[in-house]
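K.L.:
Generate a structure from the sequence data that follows.
(one chain, ligands or ions: 1)
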Amino acid sequence: MKIAIMGAMVEEIEPLLENFKDYEEIVYGKNRYYKVLYKNSELYIAYSKIGKVNATLTASTLIQHFGCEKLLFSGVAGAIDSSLKIGDLIYASSLAQHDLDITIFGHPHGYVPEGGVFTNSSKELNNIAKEVAIDLKITIKEGIVATGDQFIASNEKKEWIAKTFNASAIEMEGAAVGVVCDALNTPFFILRAISDAADMDASFSFDEFLKSSAKVSAGFVISMVNKVAK
Ligand code: SAH
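P.N.:
Numbers count the residues shown, from 1 in each chain. Take a look at the predicted model:
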(Lines give C-alpha, C1' and ligand atoms only; values in the text may rest on other atoms or scores of the structure.)
Protein backbone atom coordinates (compact mmCIF):
# COMPACT_ATOMS: atom_id res chain seq x y z
CA MET A 1 0.00 0.00 0.00
CA LYS A 2 1.12 3.58 -0.67
CA ILE A 3 0.59 5.89 2.29
CA ALA A 4 1.03 9.67 2.29
CA ILE A 5 2.27 11.45 5.40
CA MET A 6 1.98 15.16 5.05
CA GLY A 7 2.82 18.26 7.08
CA ALA A 8 2.69 21.97 6.27
CA MET A 9 6.10 23.04 7.56
CA VAL A 10 9.51 21.42 7.48
CA GLU A 11 9.46 21.18 11.30
CA GLU A 12 6.40 18.95 11.01
CA ILE A 13 8.07 16.32 8.84
CA GLU A 14 11.65 16.47 10.20
CA PRO A 15 10.82 14.07 13.07
CA LEU A 16 9.37 11.62 10.53
CA LEU A 17 12.51 11.67 8.37
CA GLU A 18 14.70 11.31 11.46
CA ASN A 19 12.66 8.28 12.46
CA PHE A 20 12.61 6.50 9.09
CA LYS A 21 16.22 7.54 8.24
CA ASP A 22 16.46 5.70 4.94
CA TYR A 23 14.58 7.69 2.28
CA GLU A 24 14.78 8.65 -1.37
CA GLU A 25 14.24 12.33 -2.19
CA ILE A 26 12.08 13.12 -5.22
CA VAL A 27 11.60 16.71 -6.44
CA TYR A 28 8.25 17.40 -8.05
CA GLY A 29 6.62 20.78 -8.75
CA LYS A 30 9.04 22.77 -6.57
CA ASN A 31 8.41 20.50 -3.58
CA ARG A 32 10.35 17.61 -2.13
CA TYR A 33 8.77 14.23 -1.55
CA TYR A 34 10.51 11.57 0.53
CA LYS A 35 9.89 7.93 -0.30
CA VAL A 36 10.38 5.33 2.42
CA LEU A 37 10.06 1.57 2.08
CA TYR A 38 8.24 0.31 5.16
CA LYS A 39 7.08 -3.27 5.67
CA ASN A 40 5.27 -4.07 2.39
CA SER A 41 4.28 -0.44 1.93
CA GLU A 42 5.69 2.73 0.43
CA LEU A 43 5.43 5.91 2.47
CA TYR A 44 5.53 9.29 0.73
CA ILE A 45 6.39 12.07 3.17
CA ALA A 46 6.14 15.76 2.23
CA TYR A 47 5.48 19.22 3.60
CA SER A 48 3.37 21.55 1.51
CA LYS A 49 4.26 24.99 2.89
CA ILE A 50 1.53 26.75 4.81
CA GLY A 51 -2.01 27.56 3.69
CA LYS A 52 -4.88 25.99 1.81
CA VAL A 53 -3.54 26.41 -1.74
CA ASN A 54 -0.19 24.78 -1.00
CA ALA A 55 -1.88 22.03 1.00
CA THR A 56 -4.24 21.34 -1.89
CA LEU A 57 -1.37 21.01 -4.36
CA THR A 58 0.63 18.65 -2.17
CA ALA A 59 -2.31 16.44 -1.16
CA SER A 60 -3.36 16.21 -4.79
CA THR A 61 0.20 15.37 -5.93
CA LEU A 62 0.55 12.69 -3.25
CA ILE A 63 -2.62 11.00 -4.47
CA GLN A 64 -2.65 11.66 -8.21
CA HIS A 65 1.06 11.60 -9.02
CA PHE A 66 2.48 9.25 -6.38
CA GLY A 67 -0.60 7.04 -6.12
CA CYS A 68 -1.10 7.24 -2.35
CA GLU A 69 -4.19 5.38 -1.15
CA LYS A 70 -4.41 6.85 2.35
CA LEU A 71 -3.27 10.19 3.72
CA LEU A 72 -2.19 11.04 7.26
CA PHE A 73 -1.56 14.69 8.14
CA SER A 74 0.67 15.59 11.07
CA GLY A 75 1.12 19.09 12.43
CA VAL A 76 0.38 21.78 14.98
CA ALA A 77 -2.68 23.94 15.64
CA GLY A 78 -4.12 26.63 17.83
CA ALA A 79 -6.54 25.51 20.54
CA ILE A 80 -10.08 26.81 20.58
CA ASP A 81 -11.38 24.33 23.15
CA SER A 82 -9.87 25.68 26.39
CA SER A 83 -9.32 22.17 27.76
CA LEU A 84 -6.67 21.64 25.06
CA LYS A 85 -3.22 22.55 26.38
CA ILE A 86 0.18 22.89 24.65
CA GLY A 87 1.26 19.49 23.26
CA ASP A 88 -2.20 17.91 23.53
CA LEU A 89 -3.32 15.84 20.56
CA ILE A 90 -6.55 16.27 18.64
CA TYR A 91 -7.70 14.64 15.42
CA ALA A 92 -10.35 16.13 13.17
CA SER A 93 -13.68 14.32 13.01
CA SER A 94 -14.63 16.85 10.34
CA LEU A 95 -13.24 20.07 8.95
CA ALA A 96 -14.54 23.39 7.63
CA GLN A 97 -13.07 26.42 5.86
CA HIS A 98 -13.78 29.29 8.25
CA ASP A 99 -12.70 31.96 5.74
CA LEU A 100 -14.99 30.85 2.92
CA ASP A 101 -17.87 33.31 2.93
CA ILE A 102 -20.79 33.45 0.50
CA THR A 103 -23.25 34.28 3.29
CA ILE A 104 -24.61 37.18 1.19
CA PHE A 105 -26.47 34.49 -0.84
CA GLY A 106 -28.07 33.10 2.30
CA HIS A 107 -25.63 30.23 2.82
CA PRO A 108 -23.93 29.46 6.14
CA HIS A 109 -20.27 30.38 6.69
CA GLY A 110 -17.91 27.86 5.08
CA TYR A 111 -20.56 26.57 2.67
CA VAL A 112 -19.44 25.34 -0.76
CA PRO A 113 -22.28 24.85 -3.29
CA GLU A 114 -22.58 21.12 -4.12
CA GLY A 115 -20.24 20.47 -1.21
CA GLY A 116 -21.55 21.67 2.14
CA VAL A 117 -19.75 23.14 5.14
CA PHE A 118 -17.96 20.13 6.65
CA THR A 119 -15.81 17.34 5.21
CA ASN A 120 -15.63 14.15 7.27
CA SER A 121 -12.38 12.33 7.89
CA SER A 122 -12.02 8.53 7.73
CA LYS A 123 -13.78 6.71 10.59
CA GLU A 124 -11.49 3.73 10.05
CA LEU A 125 -8.32 5.80 10.46
CA ASN A 126 -9.83 7.66 13.42
CA ASN A 127 -10.57 4.32 15.08
CA ILE A 128 -6.97 3.24 14.53
CA ALA A 129 -5.92 6.48 16.27
CA LYS A 130 -8.14 5.62 19.25
CA GLU A 131 -6.54 2.15 19.45
CA VAL A 132 -3.03 3.62 19.24
CA ALA A 133 -3.84 6.10 22.02
CA ILE A 134 -5.00 3.21 24.23
CA ASP A 135 -1.84 1.21 23.40
CA LEU A 136 0.38 4.22 24.22
CA LYS A 137 -1.73 5.09 27.28
CA ILE A 138 -2.16 8.69 26.14
CA THR A 139 -5.18 10.92 25.67
CA ILE A 140 -6.27 12.05 22.23
CA LYS A 141 -9.29 14.24 21.58
CA GLU A 142 -11.64 14.24 18.63
CA GLY A 143 -13.22 17.45 17.37
CA ILE A 144 -14.09 19.77 14.54
CA VAL A 145 -11.10 21.57 13.05
CA ALA A 146 -11.50 24.95 11.34
CA THR A 147 -9.11 25.88 8.53
CA GLY A 148 -8.37 29.24 6.92
CA ASP A 149 -5.58 31.27 5.38
CA GLN A 150 -4.98 33.26 8.56
CA PHE A 151 -2.93 32.74 11.69
CA ILE A 152 -5.51 33.33 14.41
CA ALA A 153 -4.21 35.34 17.35
CA SER A 154 -7.29 37.02 18.79
CA ASN A 155 -9.86 35.98 21.36
CA GLU A 156 -12.61 37.67 19.39
CA LYS A 157 -11.85 35.76 16.17
CA LYS A 158 -11.39 32.55 18.07
CA GLU A 159 -14.77 32.91 19.79
CA TRP A 160 -16.45 33.62 16.46
CA ILE A 161 -14.93 30.45 14.95
CA ALA A 162 -15.90 28.44 18.04
CA LYS A 163 -19.50 29.66 17.85
CA THR A 164 -19.89 29.44 14.07
CA PHE A 165 -18.30 26.02 13.45
CA ASN A 166 -18.34 24.42 16.90
CA ALA A 167 -14.61 23.91 16.26
CA SER A 168 -12.08 22.69 18.82
CA ALA A 169 -8.89 23.67 16.99
CA ILE A 170 -7.75 26.04 14.27
CA GLU A 171 -5.12 25.71 11.58
CA MET A 172 -4.40 26.55 7.93
CA GLU A 173 -4.41 23.33 5.85
CA GLY A 174 -6.64 20.54 7.15
CA ALA A 175 -9.92 21.34 5.39
CA ALA A 176 -8.11 21.79 2.06
CA VAL A 177 -6.52 18.35 2.43
CA GLY A 178 -9.95 17.01 3.35
CA VAL A 179 -11.61 18.42 0.25
CA VAL A 180 -8.92 16.90 -2.01
CA CYS A 181 -9.05 13.48 -0.33
CA ASP A 182 -12.84 13.42 -0.33
CA ALA A 183 -13.00 14.31 -4.04
CA LEU A 184 -10.41 11.66 -4.88
CA ASN A 185 -11.93 8.97 -2.63
CA THR A 186 -8.88 8.72 -0.41
CA PRO A 187 -9.35 8.03 3.32
CA PHE A 188 -7.62 10.74 5.36
CA PHE A 189 -6.66 11.51 8.93
CA ILE A 190 -5.78 14.98 10.26
CA LEU A 191 -3.78 15.09 13.49
CA ARG A 192 -2.66 18.21 15.32
CA ALA A 193 -0.73 18.84 18.51
CA ILE A 194 -1.48 22.17 20.14
CA SER A 195 1.19 24.88 19.73
CA ASP A 196 -0.77 27.91 21.00
CA ALA A 197 -4.15 29.10 22.20
CA ALA A 198 -4.96 31.27 19.14
CA ASP A 199 -5.02 34.29 21.47
CA MET A 200 -2.91 37.47 21.63
CA ASP A 201 0.13 35.45 22.79
CA ALA A 202 -0.26 32.88 20.01
CA SER A 203 2.70 33.94 17.87
CA PHE A 204 5.13 33.73 20.83
CA SER A 205 3.67 30.43 21.96
CA PHE A 206 3.82 29.08 18.39
CA ASP A 207 7.52 29.97 18.07
CA GLU A 208 8.29 28.39 21.43
CA PHE A 209 6.34 25.16 20.99
CA LEU A 210 6.29 24.48 17.23
CA LYS A 211 9.13 21.96 17.36
CA SER A 212 8.09 20.10 20.51
CA SER A 213 4.40 19.90 19.50
CA ALA A 214 5.28 18.88 15.92
CA LYS A 215 7.34 16.06 17.42
CA VAL A 216 4.42 14.87 19.56
CA SER A 217 2.16 14.75 16.51
CA ALA A 218 4.77 13.02 14.31
CA GLY A 219 5.46 10.45 17.02
CA PHE A 220 1.81 9.53 17.15
CA VAL A 221 1.53 9.24 13.36
CA ILE A 222 4.58 6.96 13.32
CA SER A 223 2.77 4.63 15.74
CA MET A 224 -0.30 4.75 13.53
CA VAL A 225 1.61 3.90 10.37
CA ASN A 226 2.63 0.69 12.02
CA LYS A 227 -1.05 -0.33 12.09
CA VAL A 228 -2.08 1.20 8.76
CA ALA A 229 0.75 -0.20 6.60
CA LYS A 230 0.03 -3.57 5.03
N1 SAH B 1 5.91 31.16 11.84
C2 SAH B 1 5.75 30.74 10.48
C3 SAH B 1 4.31 30.78 10.03
C4 SAH B 1 3.44 29.79 10.74
S5 SAH B 1 1.79 29.83 10.23
C6 SAH B 1 6.63 31.60 9.60
O7 SAH B 1 6.87 32.74 9.97
O8 SAH B 1 7.05 31.11 8.55
C9 SAH B 1 1.06 28.68 11.35
C10 SAH B 1 1.12 27.22 10.99
O11 SAH B 1 0.78 26.44 12.12
C12 SAH B 1 0.12 26.78 9.92
O13 SAH B 1 0.65 25.72 9.18
C14 SAH B 1 -1.12 26.36 10.72
O15 SAH B 1 -1.71 25.21 10.19
C16 SAH B 1 -0.61 26.10 12.13
N17 SAH B 1 -1.20 26.90 13.23
C18 SAH B 1 -0.77 26.82 14.52
N19 SAH B 1 -1.42 27.69 15.29
C20 SAH B 1 -2.30 28.36 14.50
C21 SAH B 1 -3.23 29.43 14.75
N22 SAH B 1 -3.37 29.99 15.95
N23 SAH B 1 -3.95 29.89 13.68
C24 SAH B 1 -3.79 29.34 12.46
N25 SAH B 1 -2.91 28.35 12.18
C26 SAH B 1 -2.16 27.86 13.18
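
K.L.:
Counting neighbours, which bits of the top helix by length along the chain end up buried?
P.N.:
Longest helix of the chain, by residue count under DSSP state H: helix 202-228. Applying a neighbour-count criterion of 16 or more other C-beta atoms under 10 Å, one finds 202, 205-206, 209-210, 213-225, 228 buried in helix 202-228. In short, each C-beta sits where N, CA and C put it, glycine included.

K.L.:
Touching, Met200 and Ala153? I think so.
P.N.:
Yes - using C-beta atoms under 8 Å, Met200 makes contact with Ala153 at a distance of 6.1 Å.

K.L.:
Comparing those two, which residue is more hemmed in?
P.N.:
In this comparison of Met200 against Ala153, neighbours counted by other C-beta atoms under 10 Å, the higher total goes to Ala153 at 19 against 10.

K.L.:
can you give me how far stretch 122-137 is from the chain middle?
P.N.:
Using C-alpha atoms, centre = their mean, to the nearest Å, we find the averaged C-alpha position of stretch 122-137 to lie 16 Å away from the chain's own average C-alpha position.

K.L.:
contacting residues around that stretch?
P.N.:
Stretch 122-137 has contacts (C-beta atoms under 8 Å, 6 or more residues apart in numbering) with 70, 72, 89, 91, 93, 139-140, 142, 187-189, 191, 220, 223-224, 227-228.

K.L.:
Which of those fall within helices?
P.N.:
For those, membership in helices holds for Phe220, Ser223, Met224, Lys227, Val228, with DSSP H as the criterion.

K.L.:
list the contacts for the residue in the chain that the ligand sits nearest to?
P.N.:
Ranking the residues of the chain by distance to the ligand (C-beta to the nearest ligand atom) places Gly78 first, at 2.6 Å. The contact partners of Gly78, by C-beta under 8 Å, 6+ apart, come to 151-153, 158, 169-171, 194-198, 202, 206.

K.L.:
any idea of the angle the host helix or strand of it forms with helix 202-228?
P.N.:
In the assignment (DSSP states H and E), Gly78 maps to strand 70-79. In this structure, strand 70-79 runs at an angle of 150 degrees to helix 202-228, with axes from the mean of the first three to the mean of the last three C-alpha atoms, to 10 degrees as the basis.

K.L.:
And strand 70-79, what's buried?
P.N.:
Within strand 70-79, the residues that count as buried by 16+ other C-beta under 10 Å are Lys70, Leu71, Leu72, Phe73, Ser74, Gly75, Val76, Ala77, Gly78, Ala79.

K.L.:
again, but for stretch 78-96
P.N.:
Using 16+ other C-beta under 10 Å as the test for burial, stretch 78-96 gives 78-81, 84, 86, 88-96.
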